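Asker: Need the 3D shape of this:
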Amino acid sequence: MDEEKCNTEEFKRLKKKNLFEYNLMMLGFVVLMGFLVYVDQGALLTMVFLVVMWTILIVSFYTLKTQNPIGTKTNRTVQRCERRRVGEKKWYRKKLIVFVILLIVVVPITIMVFVRGIHTFNIDYTLGTFPFIGAWIGYNVGETTNIKSLT
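Answerer: Model (predicted):
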């Protein structure tokens, strides 16, 4: 089905489109985070963060087990092409590493939030956004480099 879309130029175009979609999602998340901090809803922000992290973990587990990617049409096509490009074994190993890292991060954060209490977190928007913006910039630099290095 996606065989014709896995040529290099089409793959580059799809990866750029995927990067654009990711940037829109991150922009929306940062704006939502700013709004919730502005209206002093730190507990709601913490819960939104936990729901997003658990959703990402569950989607990662589903993709690992069924080897069926979830996401937009562009994202699914990019993941299928990537799987063909790197091979089944390397793709599975990469997905397993992502799942394990997410598990190591999400479970302790969830435990910490519920042990300390959800209302005890004082969130500073300027300091709280630096990790997200840093990850956002890092992801963009990495993806742009990967797109340019495709042959």
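
Asker: For the lengthiest helix in the chain, buried residues please.
Answerer: In terms of residue count, the longest helix belonging to the chain (DSSP state H) is helix 8-38. Under the neighbour-count criterion of 16 or more other C-beta atoms under 10 Å, helix 8-38 has 11, 14-15, 17-19, 22, 26, 29-30, 33, 36-37 buried. From N, CA and C alone the C-beta is placed, and that goes for glycine too.

Asker: helix or strand right after that helix?
Answerer: Using DSSP states H and E, the next helix or strand after helix 8-38 towards the C-terminus is helix 42-66.

Asker: before we move on, back to that, elements contacting the longest helix of the chain?
Answerer: helix 42-66, helix 73-86, helix 125-149 (3 or more C-beta pairs under 8 Å, 6 or more residues apart in numbering; DSSP states H and E).

Asker: will you turn the buried residues of helix 8-38 into JSON lines that also has pLDDT and distance to T63?
Answerer: Shown next, in JSON lines, are these (pLDDT from 0 to 100; distance: C-beta to C-beta, whole Å):
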{"residue": "F11", "pLDDT": "87", "distance to T63": "19"}
{"residue": "L14", "pLDDT": "90", "distance to T63": "18"}
{"residue": "K15", "pLDDT": "91", "distance to T63": "18"}
{"residue": "K17", "pLDDT": "93", "distance to T63": "20"}
{"residue": "N18", "pLDDT": "91", "distance to T63": "15"}
{"residue": "L19", "pLDDT": "93", "distance to T63": "19"}
{"residue": "Y22", "pLDDT": "90", "distance to T63": "16"}
{"residue": "M26", "pLDDT": "87", "distance to T63": "20"}
{"residue": "F29", "pLDDT": "84", "distance to T63": "21"}
{"residue": "V30", "pLDDT": "82", "distance to T63": "25"}
{"residue": "M33", "pLDDT": "80", "distance to T63": "26"}
{"residue": "L36", "pLDDT": "79", "distance to T63": "29"}
{"residue": "V37", "pLDDT": "75", "distance to T63": "32"}
